[in-house]
Structure formats: structure tokens, C-alpha cells
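> okay, predicted coordinates and the sequence, questions at the end:
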Amino acid sequence: MAIIANKANSKLKLYFNAGPGEGDKDVIKNKTYSNIKATAADDDVYNVGIELSQLQEYPLVNLVRMEESQLIYED
């Protein structure tokens, strides 16, 4: 009896600093890109994220890859 985790697609989330908001606290906006192949190398995903961030209005403050896995129970 074991649980097997099969990697599914992942997502790329970019966080941007949209400037000061209430109380001079920075407003953080984000964009999510879905259906990133699970087999894509982290270096490649990072580089694409950097390229995409250069097309945006606000400066990039964080880049996150979110992994999804399907959990399967096997006897």
C-alpha cells in the first residue's frame, strides 16, 4: 500500500510592485500563467518568467513556480 504522486502541470506566478497604496504600504499585484509542463526545467521556467516580467508595467518582486501532483493510492 503506497501513495504515488504523479507530477501534473504547474503554474508560474509573477508578483509585481504597483507602488505605494494606503499608508505608504506597497501594493503587490500578480499574474499567473497556467499549464506549464511539469517536465520543464526550473532554469527555463525562470528565464521565461523574467522575459514575461519585462513586458509588464510594474517591476518584478517575486517569481514562484507552483507544482501540482495527482495522488494515487496503490495496493
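Cool, the structure landed.
> the longest strand seen in the chain pairs with which strands, parallel or anti?
Using DSSP state E to define each element, the chain has its longest strand at strand 2-20. As defined by DSSP bridges, the strand partners of strand 2-20 come to strand 26-36 (antiparallel), strand 60-74 (antiparallel).
> any chance of those in a markdown table, plus mean neighbour count, distance to N6 and mean pLDDT?
(C-beta placed from N, C-alpha, C; glycine too.) Conversion of the strands paired with strand 2-20 to a markdown table gives the following (neighbours: other CB atoms under 10 Å; distance: least, CB to CB, whole Å; pLDDT from 0 to 100):
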| stretch | mean neighbour count | distance to N6 | mean pLDDT |
| --- | --- | --- | --- |
| strand 26-36 | 12 | 16 | 95 |
| strand 60-74 | 12 | 5 | 93 |
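> of those, which is nearest D42?
For the strands paired with strand 2-20, proximity to D42 was assessed by CB to CB; strand 60-74 is nearest, at 6.7 Å.
> contacts for that closest one next, please.
Contact with strand 60-74 is made by 1-17, 28, 36, 38, 42, 45-46, 49-50, 53, as judged by CB atoms under 8 Å, 6 or more residues apart in numbering.
> re earlier: just how off-centre is the longest strand of the chain within its chain?
What separates the centre of strand 2-20 from the centre of its chain is 4 Å, taken as CA atoms, centre = their mean, to the nearest Å.
> could you export it as CSV, CA atoms only?
Extracted in CSV, the C-alpha atoms of strand 2-20 (Å, rounded to 0.1, in the frame of the first residue of the first chain):
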residue,chain,number,x,y,z
ALA,A,2,1.5,3.2,-1.1
ILE,A,3,0.6,6.7,-2.3
ILE,A,4,2.2,7.7,-5.6
ALA,A,5,2.5,11.3,-6.6
ASN,A,6,2.3,11.9,-10.4
LYS,A,7,3.5,15.3,-11.4
ALA,A,8,0.9,17.2,-13.2
ASN,A,9,1.1,20.7,-14.8
SER,A,10,2.5,23.5,-12.8
LYS,A,11,1.9,27.3,-12.8
LEU,A,12,4.1,30.3,-12.9
LYS,A,13,3.1,33.2,-10.7
LEU,A,14,4.8,36.6,-11.1
TYR,A,15,4.5,39.3,-8.4
PHE,A,16,4.8,43.0,-9.2
ASN,A,17,5.2,46.1,-7.1
ALA,A,18,2.5,48.5,-8.2
GLY,A,19,3.7,51.3,-6.0
PRO,A,20,2.6,52.7,-2.6
